[in-house]
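S.K.: A predicted structure for the sequence below; I have some questions about it.
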Amino acid sequence: MTEQPANTANQMWGGRFAAGPDAIMEAINASIGFDRRLYAQDIRGSRAHAAMLAAQGIISTSDAEAIGKGLLTVLSEIEAGDFPFSTALEDIHMNVESRLKEIVGEPAGRLHTARSRNDQVATDFRLWVRDQCDAAISGLDALIRAALSQAEAGADWVMPGFTHLQTAQPVTWGHHMMAYVEMFARDLSRFQDARRRMNESPLGAAALAGTGFDIDREATAQALGFDRPMANSLDAVSDRDFALEFLSSAAICAVHLSRLAEELVIWSSAQFRFVTMSDRFSTGSSIMPQKKNPDAAELIRAKIGRILGAAVALFVVMKGLPLAYSKDMQEDKEQVFDAADNLMLALAAMEGMLSDLSANRDRLEAAAGAGFSTATDLADWLVREAGLPFRDAHHATGALVAMAEQAGVDLPDLTLEQMQSVNPAITEDIYNVLGVHNSVASRTSYGGTAPAQVRAQIARWQKKLNGEGA
Ligand code: ARG
């Protein structure tokens with residue numbers, strides 16, 4: 001970064017200033033260190049603005065052409081990595097405009113007609129966040145497809161379902177994977193909703209009150225791919241809902257990623273061995289040769305910390321700010337940049353991990369039957385076949401579980417005589433419901449874990465993803 005002497009008044013707005021800023025003032029004020037990431041959006045916005053100014057006869061066509069061409073030169077300089085960013089010029093907007101002046105001279109001074117950095121930054125940042133919504137949507141789409149493939153491969157593989165991380169009832173691998181499909185699909189729709197709501201143009205709100213120039217806000221909105229101009233100029237420059245919505249959606253998504261990551265950490269442990277992670281998404285230990293660590297899953301599990309942190313930070317920045325623009329709002333960018341970078345990385349890593357993951361079918365099945373997982377099936381049988389009230393059935397089953405536990409066997413290992421000692425109505429038929437496959441196959445209620453239901457869920461999502469409606 002080229003440092004300019006701190007004691008010269010700013011060339012862009014230094015008219016009323018006799019002296020330049022203190023070095024500390026410059027340090028706290030400058031955002032170029034991070035908002036340079038908005039260069040493409042800034043140049044796009046300026047080109048749209050200049051073209052509109054010419055179309056409205058506010059500046060000459062030749063000036064607009066010089067500006068438009070000059071901005072493309074600036075763009076290629078930045079992309080080539082040889083742009084002289086300057087802290088003295090504060091931010092990306094003034095860095096671009098100042099360089100434009102060096103390139104095209106006098107016409108550059110006409111670009112800022114009927115515009116302020118307030119609507120400029122609001123426009124640039126909206127465009128950037130809109131792109132990130134698209135990135136999140138495609139990252140989630142890929143992740144959903146990976147989870148769906150896992151579900152399809154193991155639609156009828158049985159595994160223990162847990163509540164309180166205690167064995168509860170058998171479920172299928174496919175059912176478990178489809179639960180994440182539902183979560184990630186909600187995340188995807190949150191980004192779609194946020195994108196739709198944020199897709200209005202602040203450009204032309206100027207500093208806060210609009211402008212007396214005969215601008216065409218519809219034209220710039222359209223040129224930038226916005227659905228319409230924002231309807232209130234005060235709101236346009238002071239609104240950061242789009243960033244808050246992005247961060248909120250990102251935080252919820254990060255919670256889901258973290259929960260799946262946690263399951264992968266547990267499942268890949270030697271004690272569970274439900275899944276085997278690929279070498280591509282595991283790491284070794286520098287001291288323990290046997291180790292294969294799920295570092296990617298652990299890091300994904302941790303990302304919620306910084307993403308939610310970013311959301312909280314921006315909420316706190318925005319609360320209590322009087323209308324319209326305040327410099328506090330410059331603090332929006334680093335939070336959103338960091339959260340977006342980490343969300344995209346986490347989505348890609350989870351997609352890679354899940355695509356490479358092998359579920360250990362035999363281990364899952366062996367674990368599915370352990371821990372008296374079909375006790376509820378036994379109780380349900382007593383209700384259905386012996387006419388017991390559920391509470392009594394629950395009690396009788398509890399006695400049978402205690403009996404099995406004491407004998408060190410599973411429920412299906414109890415003899416019919418032992419069963420009948422607890423309730424004489426029990427018949428040989430009971431053994432049909434104690435197997436884990438029968439157990440899952442019986443749960444045919446809508447959204448239940450029966451393989452037929454799971455396959456219906458999968459088919460519904462495949463249709464949806466192929467654009468064939470719900
Ligand atoms: N760098 C500023 C920001 O990110 C741009 C807007 C500055 N506006 C102003 N009136 N100082 O918010």
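M.R.: Alright, I've got the coordinates.

S.K.: C-alpha from now on. contacts and neighbour counts both.
M.R.: Will do.

S.K.: For the helix or strand hosting A459, name the packing helices and strands.
M.R.: Per DSSP states H and E: A459 is located in helix 451-465. Applying 3 or more Cα pairs under 8 Å, 6 or more residues apart in numbering; DSSP states H and E, one finds that helix 451-465 contacts helix 117-153, helix 173-198, helix 436-442.

S.K.: Nearest approach to the ligand belongs to which of those?
M.R.: The ligand lies closest, by Cα to the nearest ligand atom, to one member of these: helix 117-153, at 4.7 Å.

S.K.: Report the buried residues of the closest one.
M.R.: 117-130, 132-133, 135-152 (16 or more other Cα atoms under 10 Å).

S.K.: and if you look at stretch 31-51?
M.R.: Across stretch 31-51, burial judged by 16+ other Cα under 10 Å covers 31-32, 35-36, 38-51.

S.K.: go on, stretch 206-223?
M.R.: For stretch 206-223, the neighbour count (16+ other Cα under 10 Å) marks 206-208, 210-211, 215-221, 223 as buried.

S.K.: ok, of those, which one's closest to the ligand?
M.R.: Once Cα to the nearest ligand atom is applied, the member of those that ends up nearest the ligand is A207, at 7.3 Å.

S.K.: So the nearest residue to that closest one once chain neighbours are set aside versus the ligand, what's the distance?
M.R.: Spatial nearest neighbour of A207, chain neighbours left out: S116 (4.9 Å); criterion: Cα to Cα, 6 or more residues apart in numbering. Here S116 is placed at a distance of 7 Å from the ligand (Cα to the nearest ligand atom, to the nearest Å).

S.K.: what are the phi and psi values for S116?
M.R.: Dihedral pair for S116: phi -140, psi 160, per degrees, to the nearest 10.

S.K.: Please give me every residue in contact with the residue of the chain found nearest the ligand.
M.R.: Closest to the ligand within the chain is Q330: 3.7 Å, counting by Cα to the nearest ligand atom. Applying Cα atoms under 8 Å, 6 or more residues apart in numbering, we find Q330 in contact with S31.

S.K.: ok so, going back, tell me which of the buried residues of stretch 206-223 is nearest to R16?
M.R.: Closest approach to R16 among those (Cα to Cα): A207, at 18.3 Å.

S.K.: I figured that closest one hits V121, correct?
M.R.: No: between A207 and V121 there is no contact under Cα atoms under 8 Å: 10.7 Å.

S.K.: thinking again about what came up before, okay, the helices and strands packed on helix 451-465 in TSV with mean pLDDT next?
M.R.: Formatted as TSV, these follow (pLDDT from 0 to 100):
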stretch	mean pLDDT
helix 117-153	98
helix 173-198	98
helix 436-442	92
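
S.K.: Go through those and name the closest to A386.
M.R.: Nearest to A386, of the helices and strands packed on helix 451-465 and by Cα to Cα, is helix 436-442 at 17.8 Å.

S.K.: Now do the strands in this structure.
M.R.: Applying DSSP state E to the chain gives strands spanning 158-163, 166-172, 200-201, 228-229, 275-276, 358-359.

S.K.: Can you list the buried residues in the first one?
M.R.: Okay, so that is strand 158-163. Residues of strand 158-163 classed as buried by neighbour count (16+ other Cα under 10 Å): 158-161.

S.K.: now the strands of the chain in CSV, with mean pLDDT and distance to the ligand?
M.R.: Converted to CSV, those look like this (pLDDT from 0 to 100; distance: least, Cα to the nearest ligand atom, whole Å):
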stretch, mean pLDDT, distance to the ligand
strand 158-163, 96, 47
strand 166-172, 94, 50
strand 200-201, 98, 16
strand 228-229, 98, 19
strand 275-276, 96, 46
strand 358-359, 96, 46
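
S.K.: Just name the most buried of the ones you listed.
M.R.: Of these, the one with the most neighbours on average (mean count of other Cα atoms under 10 Å) is strand 200-201, at a mean of 24.

S.K.: packing partners for it?
M.R.: Under the contact criterion of 3+ Cα pairs under 8 Å, 6+ apart, strand 200-201 touches helix 217-223, strand 228-229.

S.K.: Show me what from the stretch 301-450 of the chain comes close to the ligand.
M.R.: 327, 329-330 (Cα under 6 Å from any ligand atom).

S.K.: same thing but at 5 Å, please
M.R.: For the stretch 301-450 of the chain, the contact set with the ligand under Cα under 5 Å from any ligand atom comprises Q330.

S.K.: Now do the helices in the stretch 301-450 of the chain.
M.R.: 332-356, 361-369, 375-386, 390-407, 416-422, 430-434, 436-442 (DSSP state H, counting those that start in this stretch).

S.K.: and those as a markdown table, adding mean neighbour count and distance to G109?
M.R.: What follows is these, written out as a markdown table (neighbours: other Cα atoms under 10 Å; distance: least, Cα to Cα, whole Å):
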| stretch | mean neighbour count | distance to G109 |
| --- | --- | --- |
| helix 332-356 | 20 | 27 |
| helix 361-369 | 19 | 69 |
| helix 375-386 | 20 | 77 |
| helix 390-407 | 16 | 81 |
| helix 416-422 | 15 | 92 |
| helix 430-434 | 19 | 81 |
| helix 436-442 | 21 | 72 |
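
S.K.: and of those, who's closest to S282?
M.R.: Among the helices of the stretch 301-450 of the chain, helix 332-356 comes nearest to S282, with 8.9 Å by Cα to Cα.

S.K.: and that closest one, what does it pack onto?
M.R.: helix 32-35, helix 117-153, helix 241-267, helix 295-318.

S.K.: of the helices and strands packed on helix 451-465, which approaches R240 most closely?
M.R.: Using Cα to Cα as the measure, helix 117-153 is the one of the helices and strands packed on helix 451-465 that comes nearest R240, at 8.1 Å.

S.K.: Now do the contacts for A168.
M.R.: For A168, the contact set (Cα under 8 Å, 6+ apart) comprises 160-162, 373.

S.K.: Please tabulate the helices and strands packed on strand 200-201 in JSON lines, including the columns distance to L247.
M.R.: JSON lines is the format used below for the helices and strands packed on strand 200-201 (distance: least, Cα to Cα, whole Å):
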{"stretch": "helix 217-223", "distance to L247": "24"}
{"stretch": "strand 228-229", "distance to L247": "23"}
